[in-house]
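*Asks:* Sharing a sequence plus its predicted fold:
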Amino acid sequence: MRGLFKGAPIAAAVLAGALALGGCSSSGGKKAEEKATGDGGPRLKVAMVTHSGPGDTFWDIVQKGAKAAAAKDNVDLLYSADPDGGKQAQLVQTAIDQKVDGIIVTLAKPDALKDVLGKAAAAKIPVVSINSGAEVSAKLGALVHFGQDESVAGEAAGKELARIGSRNALCVVHEQGNVGLESRCAGARKTFGGKLQNLYVPGTDMPQVKSAVTAKLQADKSIDGLLTLGAPFAATAVDAAKDAGSTAKVATFDMNKDLIASIKSGAIWFAVDQQPYLQGYEAVDELWLFKRNGNVLGGGRPVLTGPAIVTKDNAASLAEFANRGTR
Amino acid sequence: MAQAVTAGPAGDERLARRSPLRRLLGRPELGALLGAVALFVFFSVVADAFLQASSFSTVLYASSTFGIMAVGVSLLMIGGEFDLSAGVMVTSSALIAALTSYQLTLNVWAGVAISLVLTLALGFLNGLLYVKTGLPSFIVTLATFFMLAGANLGVTKAVTGNVASDSVRDMDGFAAARKVFASQVDIGGVSVTVTVFWWLLFVAVATWLLLRTRAGNWVFAAGGAADAARAVGVPVARTKIALFMGVAFCAWFLGMHLLFAFASVQSGEGVGNEFYYIICAVIGGCLLTGGYGSAAGAAIGAFIFGMTNKGIVYAEWNPDWFKFFLGAMLLLATVVNLLVRRRVAR
Amino acid sequence: MSGLIRLAGVGKDYGNVIALRDVSLEVGEGEVVCVLGDNGAGKSTLIKIIAGLHRHDAGTYEVQGEPVAFSSPRDALDRGIATVYQDLAVVPLMPVWRNFFLGSEKRKGPGRLDIGSMRRATRDELLAMGIDLRDVDQPIGTLSGGERQCVAIARAVYFGAKVLVLDEPTAALGVKQAGVVLRYIVQARARGLGVVFITHNPHHAYPVGDRFLILKRGRAVAYHAKDDITRDELTALMAGGTELEELAHELGTVASDAGGEMAAEARRLGLPDGE
């Protein structure tokens, strides 16, 4: 494939360049305005390429953070995503072809991205990695990694789950084979003390999620805790527990505004927030700092954006932010 | 099919030669029924919790969410067509109701009605595109599948600023709508989700429609040999459009369940489910090439699917192998189905 | 005159291609008119005109003495002219009785089928025409090709056809099956229907036909009553007279043997219980 289409990157670059020029002139008015409100540096172009599938709340918040930083730093942010490793690499390649000033990338499938990140280095484009891939980030030449160590987050969740009195819990995995989700469960298992089993459910079909959790609770009546790994699944787990007549306590990873209300009402005990907004925001800001001032955060270590535990005690103060879709 | 045969004496004698057993064996759903019984016995043995009434209710609920769609999809398949947009159309329908009622601050029933109209329009569009272009329905609905998946996300994000619809839980009419689409019904101490009853009702109506009405005759004819049907005056195009709208109706119903069971809808949901619906219909004896099948068969197919899905959880098998078991069970059920049908055909 | 349909000097062009020119034909009650011709002779154009699929450009087309110009097959059907196409006959997977009534279902109420009466009617109708089905619930695909054609024809008769137009009903059938269909054509004639029987096989046409129209390159090359023509003459005409003689000469004895076989075969198809 690669050998066959040697001309393709050039053609793509020409095309992308033409598109970029077209884009600039057509929206000049708004950009001029942004320039005026920015802090006066030269306008940078930063590409953010993630492995997100479409319609994921989490990545939506990451994007919002990135956009906020972009607006403040006078950065032109190009967002693209593909859950398929190979296609994500192609998207990074198009960013290189566009001669962006910086690339933000997630390293969920590091092997697929290794070559293309080498090309970015060769083109002297600084790369910042976010979310997953803390352990390979430096090796692949990223300046810094912003993310949550899933293991560390899992450990925090396990400790908290034990604190609220659960002894036999389920870790509800909504995407089988996702390394990040697996390590959350593994981390939780480490500090939990009790028994923590994994339950796999199809995340794209809510009724199936619900009936699978119900079925598991019916099969094993001694389960007294449910740890979901994404905010929308927590509410479903609460319903499922009700259906099964179970008193299992529900807790979750990640946040959204409905979740805050549920935590306030006590239906959900706590949420482990990795503050996705920070990942988007800090990544863009770091690239800006690097370009403007040569700054690098973290001292060669991943910068952790979480876990932040949200419980009934602090939920009220976060409600406003979650309603805005930034927490 | 249990009509009393009241023909001349000569006709009756000969009829007796084809035994009732053989007649039963010739039904499209029989293989699936045997497969379902085999799976039921299997899970009853390996999973202690499987035989509890409450567990059975959970299995039925899971089956009903596949089964409601399988009703429309199986009729469409008997009519010779596919609808790959069926999975995301469920999400579209739920989003339409959620977004319109929330954004316009309407009673949720208004959203329900708007969603019904628009979802039926989507089905009509699928049918019309198929009839007008003459392209295979596989291609036409693949296109609408992508368009709907994109529109679900794009519109939701443009309207709400998030990727999920806002919660309609505290809006007017929610409680009543929830009663209709997503309540729990107490049957002798076991709570059963209302979708199970709707599912059975839809299957009954579809069966009646297929076997006892002129429209049903047309469906079989349109799928079995469209040209021959057209030649004797069957409105094939109209029949097929109606079938696409039937799928849309089922999508609307399941969409309403989704919305009123979970209050807010994730815009990325539903992708991939269209294949499950088709699989249910095929396990239930519908021919992929059309012209043959039954709504009851598709219902049994959905039951097999729901049973396998949840039976694996009840059996508490190693979850790493979940999908493997799922595939193996499906293979088993379909092979039983196939063997039975081959045996009968001989 | 009991002419059901009469065509006089009928012609049809497709652009500058002359498909049919100056063809005359008459079908009366209880009469079988065979239209013979090789591929491309204009048989299907003639059928399409009679069936109402195409309109003729020249000549007149009269149904029961009234000039007509049909704009759709439905018009023709309404005048009692039913066409049975060889490949569009039935829906194989559907039961016999459903096929029989397809498109003209009997109903008890809005949409509700009157299944019992349709079953009975199917069985009785087929029995009356000499087809003995033990189970009208079996898929029609399980019937033999000839039986299937017969069901399609019986259906046309049942729904009030006065003239049956049969498009090569025996073309794809074996000897025995063709016999079933030919027998059936004779039955229809006995009921007083007019039949237009299109075929390219003189051995199928001769035993059942009352009159024979032979088409060649869009023209009628012969139109004979049965008394005026022998089977051999018909065969010769059909194959193109002198051309066949040449062919027979070339092939020598082989051809005559084959001819003998064909004749024997046709004799087997003789219909002792016909009339």
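*Replies:* Received, thanks.

*Asks:* Quick check: residues of the stretch 1-150 of chain C near chain B?
*Replies:* Within the stretch 1-150 of chain C, the residues that sit near chain B (CB under 8 Å from any CB of the partner chain) are C:73-74, C:85, C:87-94, C:98, C:101-105, C:107, C:111-113, C:115-116, C:119-120, C:123-124, C:127, C:134-135, C:137-138. Where you see a C-beta, it was placed from the backbone N, CA and C, and this is true even at glycine.

*Asks:* Could you give me the PyMOL selection string for whichever of these are buried?
*Replies:* Only the buried entries of the residues of the stretch 1-150 of chain C next to chain B go into this PyMOL selection, using 16 or more other CB atoms under 10 Å in any protein chain shown:
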select buried, chain C and resi 73+85+88+89+90+91+92+93+94+98+101+102+103+104+105+113+115+119+120+123+127+135+137
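
*Asks:* how near is the residue in the stretch 51-200 of chain B positioned nearest to chain C to chain A?
*Replies:* Per CB to the nearest CB, the residue of the stretch 51-200 of chain B with the smallest distance to chain C is B:I78, at 9.7 Å. As for B:I78, its distance to chain A is 25 Å (criterion: CB to the nearest CB, to the nearest Å).

*Asks:* same deal with C:V196?
*Replies:* Distance from C:V196 to chain A, by CB to the nearest CB: 60 Å.

*Asks:* now do B:F202
*Replies:* 16 Å.

*Asks:* In terms of helix, strand or coil, where does that residue fall?
*Replies:* Using DSSP: H, G, I helix; E, B strand; the rest coil, the structure places B:F202 in helix.

*Asks:* Kindly report the same for C:S71.
*Replies:* coil.

*Asks:* Now do the contacts for it.
*Replies:* By CB atoms under 8 Å, 6 or more residues apart in numbering or on different chains, C:S71 lies in contact with C:G52, C:R55.

*Asks:* so where does B:V140 fall, helix or strand?
*Replies:* Secondary structure from DSSP states H and E places B:V140 in helix B:137-160.

*Asks:* what packs against that helix?
*Replies:* Under the contact definition 3 or more CB pairs under 8 Å, 6 or more residues apart in numbering or on different chains; DSSP states H and E, helix B:137-160 sits against helix B:86-103, helix B:108-133.

*Asks:* Please report phi then psi for C:A82.
*Replies:* Here is the backbone geometry of C:A82 (degrees, to the nearest 10): phi -110, psi 130.

*Asks:* give me the number of residues near it?
*Replies:* 25 (other CB atoms under 10 Å in any protein chain shown).

*Asks:* same question, A:R184
*Replies:* 29.

*Asks:* can you check the one 5 residues further on too?
*Replies:* Other residues near A:R189 number 19, with proximity taken as other CB under 10 Å.

*Asks:* Report the beta-bridge partner residues of A:L170.
*Replies:* Here A:L170 sits in beta bridges with A:Q197, A:L226, going by DSSP bridges.

*Asks:* Show me the shaky parts of the stretch 51-200 of chain C.
*Replies:* Low-confidence segments of the stretch 51-200 of chain C (pLDDT under 70): C:87-89.

*Asks:* Thank you kindly, that will do.
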